[in-house]
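1. Coordinates for the following, if possible.
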Amino acid sequence: MFDMAKTSILLFLQGRLFQDPIKVAQQVLIGAILTAVVLVVLVLLGLPLLAAAAIAGLVGGAIQPYLFRNLKYR
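-> Numbers count the residues shown, from 1 in each chain. Below is the predicted model of the structure:
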């Protein structure tokens, strides 16, 4: 199991895991921006930072499968 994870990490770092690394970077950026926007909005609404960060992290993590659903592996 660790060998599979190690191989996947190495292929990712070498840029050979996905067919279109630009699309992966774009989707990651969209997720990060959405998470940051949710965090800022929740803090501006008066939520404590820790609670806002937890909710923003949950939203960001929940959107990842949707963003990555069409990515193709090599």
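2. Could I get the buried residue list for the biggest helix by length in the chain?
-> Longest helix of the chain, by residue count under DSSP state H: helix 21-44. By 16 or more other CB atoms under 10 Å, the buried positions in helix 21-44 come out as 24, 27, 31, 35, 38-39, 42. For glycine as for every other residue, the C-beta is placed from the backbone atoms N, C-alpha and C.
3. Distance to Gly57 and pLDDT for these - can I get that in a markdown table?
-> As requested, those are arranged in a markdown table below (distance: CB to CB, whole Å; pLDDT from 0 to 100):
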| residue | distance to Gly57 | pLDDT |
| --- | --- | --- |
| Val24 | 20 | 88 |
| Gln27 | 17 | 93 |
| Gly31 | 11 | 95 |
| Thr35 | 7 | 97 |
| Val38 | 9 | 97 |
| Leu39 | 8 | 98 |
| Leu42 | 11 | 97 |
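4. Adding distance to Gly15, write the residues you listed out as a markdown table.
-> Output for those, formatted as a markdown table (distance: CB to CB, whole Å):
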| residue | distance to Gly15 |
| --- | --- |
| Val24 | 9 |
| Gln27 | 15 |
| Gly31 | 19 |
| Thr35 | 24 |
| Val38 | 30 |
| Leu39 | 29 |
| Leu42 | 35 |
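5. Of the residues you listed, which is the nearest to Asn70?
-> Distances from Asn70 to these, taken as CB to CB, are shortest for Gln27 (9.0 Å).
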